[in-house]
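K.L.:
Make a model of this:
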Amino acid sequence: MPKISETTLEIDMTALEHNYRFLRSRLHPKTKFLAVVKAYAYGSDAVQIATRLEALGVDYFAVAYVKEGIALRKAGLQKPILVLHPQHLNFDALIKNCLEPSIYSPKVLREFLEAAKRNEQKEYPVHLKFNTGLNRLGFHEKEIEGIVKSLEGRKELKVASVFSHLAASEDMKEQDFTERQIASFSKIAGLVTKKLGYSPFKHLLNTSGILNYPKAQFDMVRSGIGLYGFGNDIKIDAEFEPVVTLKTIISQIHHIAPNESVGYNRAFSSKGVTVTATLPLGHADGIGRQYGNGKAWVNVNGKMAPIIGNVCMDMIMIDVTGIACKEGDEVIVFGKKPTAEEFAAYANTISYELITGLSQRVTRILKGL
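P.N.:
Model (predicted):
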């Protein structure tokens, strides 16, 4: 890659392909693969990521909201797109763009039936989500009779799939709970199939589920974070490659005398002669104030430099005392060293929050096309 001249998020398509093929290798050949590309494909670039994955052969995509699915359709993506949390206001647009809704409550089912009728649809594909223990969204088992009754004699909809979501598939201390979820879902899927009189396909596993509970892959699996390089386990993370690397540059270097302060509220005070570097990114770019004051470190020419003082909106100061560097040099905020998981841990959070919170004002650059 050429030398950068501004804060940049490098998106490695070769790493994406590696992660996809690794996850595929853990599945039965006939198991379908749904790629989760919500939240700008976990903070990267949803259109570019989805385009590459479609070419690699994924079967489905998932997004959180209707507008995310519309953006993919406008970019020419053809694969089915499941909308995980659609809102009533957007049902007409959802249908117009051939998106497929998650139906998770009697209210949503009634409202989408009305929208399908209004738009003169026949056998429009929907996906029934059941709550098996996450207690976030989803029908309960006792509501199956009502679902089937609502669909009787109605030609507008057809159930494409039945699915649920595991709550703790990455935590093997919660194996008993996860096994109960799997058993509950298996029972629910069987009852729905029996009541409907036809067989929707079934999916339950997320990334950690694929890795830890392969026996429960059913007809399709869903992967989000794994595609982007993280498996929620140190041993498995070694099998993945990080897709995104956040880089920036040194804007200015200062030599700080003893007892001088740096940044807002004089949060850092030098104990001796200190060399600092100012970087052009801050909490408006997704690196929050919780990373300041010595909690997080960045990579400067292979050496780790702590963030000092308070993180500003558009700038961060780091301590480069003893590190050979100059203005214009590249700085790796996270990528391979430190990884996004390691950087997030500095602030007691997770890679998901860090990478999805990256501002869209950060320039995206594609690598490995």
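K.L.:
From Y264, how far off is V36?
P.N.:
Shown here: V36 relative to Y264, a distance of 38 Å by Cβ to Cβ, to the nearest Å. Placement of C-beta: from N, CA and C, glycine included.
K.L.:
These two: who's more crowded?
P.N.:
Taking other Cβ atoms under 10 Å, V36 and Y264 do not tie; V36 has more neighbours (23 against 14).
K.L.:
and the closest residue to that one other than its chain neighbours, how many residues sit next to it?
P.N.:
The spatial neighbour of V36 that comes closest, neighbours along the chain excluded (Cβ to Cβ, 6 or more residues apart in numbering), is G224 at 3.4 Å. Counted by other Cβ under 10 Å, the residues lying close to G224 total 20.
K.L.:
Pull the contacting residues for G224.
P.N.:
A35, V36, K38, Y42, A62, N206, T207 (Cβ atoms under 8 Å, 6 or more residues apart in numbering).
K.L.:
Ok, V262 next?
P.N.:
Going by Cβ under 8 Å, 6+ apart, the list of residues near V262 reads H254, I256, F268, S269, S270, T274, T276, I308, G309, M317.
K.L.:
Which members of those residues are the farthest-apart pair?
P.N.:
H254 and S269 (14.1 Å; Cβ to Cβ).
K.L.:
Point out where this protein drops to low pLDDT.
P.N.:
Residue ranges of the chain with pLDDT under 70: 1.
K.L.:
Pick out the residue closest to the middle of it.
P.N.:
Nearest residue to the geometric centre of the chain (Cα atoms, centre = their mean): Y42, 3.6 Å.
K.L.:
Check which helix or strand it maps to.
P.N.:
For Y42, the element it lies in under DSSP states H and E is helix 38-43.
K.L.:
Need the contact partners of that helix.
P.N.:
Contacts for helix 38-43 (Cβ under 8 Å, 6+ apart): 9, 36, 46, 48-50, 62-65, 68, 84, 224-225, 227-228, 244, 286, 352, 355-358, 360.
K.L.:
Now with 7 Å, please.
P.N.:
For helix 38-43, contacts defined as Cβ atoms under 7 Å, 6 or more residues apart in numbering pick out 46, 49-50, 62-64, 68, 224-225, 228, 244, 355-358.
K.L.:
Pull the distance from it to the chain's centre.
P.N.:
In terms of Cα atoms, centre = their mean, to the nearest Å, the centre of helix 38-43 is set 5 Å apart from its chain centre.
K.L.:
For the next helix or strand after it, name the packing helices and strands.
P.N.:
Moving toward the C-terminus from helix 38-43, the next helix or strand (DSSP H and E) is helix 46-56. With contacts taken as 3 or more Cβ pairs under 7 Å, 6 or more residues apart in numbering; DSSP states H and E, helix 46-56 sits against helix 13-24, helix 38-43, helix 66-74.
K.L.:
Nearest to E174, out of these?
P.N.:
Between E174 and the helices and strands packed on helix 46-56, the shortest gap by Cβ to Cβ is with helix 13-24, which sits at 21.6 Å.
K.L.:
just the angle between the closest one and helix 46-56, please?
P.N.:
50 degrees (axes from the mean of the first three to the mean of the last three Cα atoms, to 10 degrees).
K.L.:
buried stuff in helix 13-24?
P.N.:
The neighbour-count check on helix 13-24 (16 or more other Cβ atoms under 10 Å) flags M13, A15, L16, E17, H18, N19, Y20, F22, L23, R24 as buried.
K.L.:
Let's have those in JSON lines, adding distance to V192.
P.N.:
Converted to JSON lines, these look like this (distance: Cβ to Cβ, whole Å):
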{"residue": "M13", "distance to V192": "38"}
{"residue": "A15", "distance to V192": "38"}
{"residue": "L16", "distance to V192": "34"}
{"residue": "E17", "distance to V192": "35"}
{"residue": "H18", "distance to V192": "36"}
{"residue": "N19", "distance to V192": "32"}
{"residue": "Y20", "distance to V192": "30"}
{"residue": "F22", "distance to V192": "32"}
{"residue": "L23", "distance to V192": "27"}
{"residue": "R24", "distance to V192": "28"}
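K.L.:
all strands for the stretch 251-369 of the chain, in order.
P.N.:
Ranges of strands in the stretch 251-369 of the chain, per DSSP state E, counting those that start in this stretch, are 252-256, 261-262, 268-269, 274-279, 297-300, 303-308, 316-319, 330-334, 363-367.
K.L.:
now the last one and helix 46-56, what's the angle there?
P.N.:
Spelled out, it's strand 363-367. Using the same axes, to 10 degrees: strand 363-367 against helix 46-56 is 20 degrees.
K.L.:
I'd like the numbering to begin with 25 instead of 1 from here.
P.N.:
That works, and once the first residue is 25, the last one we named lands at strand 387-391.
K.L.:
Can you tell me what sits against strand 387-391?
P.N.:
M25, E30, T31, T32, L33, E34, I35, D36, M37, S68, D69, Q72.
K.L.:
List only buried entries from those.
P.N.:
In terms of neighbour count (16+ other Cβ under 10 Å), the buried residues within the contacts of strand 387-391 are T31, T32, L33, E34, I35, D36, M37, S68, D69, Q72.
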